[in-house]
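# this one's structure only:
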């Protein structure tokens, strides 16, 4: 990636405003408080988190012997995971949680940059875990196992003042920007099919590999709205100097999970125990508070939870 997430969306705002500075942001969730760019790229210090021998003993032998915990992430999804201003350092609450998990397991966490839609197929082959603000659903659970660790809804964002009069109750005829492979893309496509079945103007679903591109195209007028996880959308909105705003309330909060190779019960148990320890010890909440996303906190980490709401 040649530019950081911060340097993508703000650049669109700059173009719209006639400014020359390139400054952008990634979109990954509803932030409980607005965060300045300088504050948001400061990682939480996990150095005080120590190895738990009992949990480390649960880690599969091939992973434990290698000493590394490799984690696939789509690094344009602030504030969950994105690149710092140097364009190469991963930061965000998912990054900090991944590093914390590694420390509990006695492993060195290695972040592997990946496109969102390739992460599920690559878990267990290219990397040990997938941690990327991924919503748990039945389709994904057929391919991987999950450990729940966060809860987020979905948010619609539009240009400030909603000049195009976007109404989520009737999206027919609009251009909707989403990230490829997300739940929001599925929902937008379903709405498009319904409009067509009803004989109404079609919805044009604009799907992008990067969440930043989805948000940027609303700022520049190429799309009427973008639809994303609430933490992502909220963070993107906070970085646009008032160019974007949320539309209506967040829609249905659903659990997000850490993806693990299907059937790897040993790794699933190790991850569940490690995440639960972070929750019980308070480190988990400290990390979420550091990034202003504590409203999505869970009390319990579960393997393949039955209740996804």
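Yep, that arrived. Since this is a predicted model, take the numbers as computed values, not measurements. Numbering: from 1, shown residues only.

# Tell me how far stretch 54-66 lies from the chain's centre.
Put simply, stretch 54-66 sits 27 Å off its chain's centre (Cα atoms, centre = their mean, to the nearest Å).

# Provide the partner residues of residue 130 in its beta bridges.
residue 72, residue 259 (DSSP bridges).

# For residue 123, see how far away residue 180 is.
18 Å (Cβ to Cβ, to the nearest Å). (Glycine included, C-beta is placed from N, CA and C.)

# Specify the residue positioned farthest from the middle of the chain.
Going by Cα atoms, centre = their mean, the residue of the chain most distant from its centre is residue 199, 34.6 Å out.

# Quick check: which element contains that one?
Using DSSP states H and E, residue 199 is not contained in any helix or strand.

# the strands in the protein, which residues?
68-73, 76-77, 81-83, 90-91, 108-113, 129-135, 144-159, 175-179, 204-208, 225-229, 244-261 (DSSP state E).

# wait, which of the ones you listed is closest to residue 49?
strand 108-113 (11.2 Å; Cβ to Cβ).

# Residue 168 contacts residue 227, doesn't it?
No - with contact defined as Cβ atoms under 8 Å, residue 168 does not reach residue 227; the gap is 9.0 Å.

# what about the two, which has more around it?
residue 227 (27 against 14; other Cβ atoms under 10 Å).

# Tell me how far the more buried one lies from residue 208.
Taking Cβ to Cβ, one finds residue 227 at 12 Å from residue 208.

# Give me the common contacts of these two.
Overlap of the contact sets of residue 227 and residue 208 (by Cβ atoms under 8 Å, 6 or more residues apart in numbering) consists of 177, 178.

# Could you list the low-confidence segments of the protein?
1-41, 249-250 (pLDDT under 70).

# How is it partitioned into domains?
Using automatic domain parsing, the domain parsing of the chain gives 6-35+153-252, 39-151+255-296.

# Out of the ones you listed, which gets nearest to residue 306?
domain 39-151+255-296 (10.4 Å).

# where's that closest one relative to the chain centroid, distance-wise?
Using Cα atoms, centre = their mean, the offset of domain 39-151+255-296 from its chain centre is 12 Å.

# Over to stretch 177-188?
Counting by Cα atoms, centre = their mean, stretch 177-188 comes out at 13 Å from the chain centroid.

# how long is that stretch from one end to the other?
9 Å (Cα to Cα, to the nearest Å).

# quick revisit: can you put the domains of the chain in a markdown table and add distance to residue 306?
Below are these laid out as a markdown table (distance: least, Cβ to Cβ, whole Å):
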| stretch | distance to residue 306 |
| --- | --- |
| domain 6-35+153-252 | 17 |
| domain 39-151+255-296 | 10 |
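
# Please name whichever of these is nearest to residue 302.
Nearest of the domains of the chain (Cβ to Cβ): domain 39-151+255-296, 4.9 Å.

# The spatially most central residue of the chain: what's it in contact with?
The structure's the chain has its C-alpha centroid closest to residue 133; by Cα atoms, centre = their mean the separation is 3.3 Å. Neighbour list for residue 133: 28, 29, 77, 80, 81, 94, 150, 152, 229, 231, 232, 256 [criterion: Cβ under 8 Å, 6+ apart].

# do residue 189 as well
Counting by Cβ under 8 Å, 6+ apart, residue 189 has contacts residue 205.

# Distance check, it against residue 203.
Applying Cβ to Cβ, the value for residue 189 to residue 203 is 8 Å.

# Stretch 74-88: which residues count as buried?
In terms of neighbour count (16 or more other Cβ atoms under 10 Å), stretch 74-88 has its buried residues at 74, 75, 76, 77, 78, 79, 80, 81, 82, 83, 84, 85.

# Tell me if I'm right that the third one and residue 92 touch.
No - distance between residue 76 and residue 92: 10.4 Å, which falls outside the contact criterion (Cβ under 8 Å).
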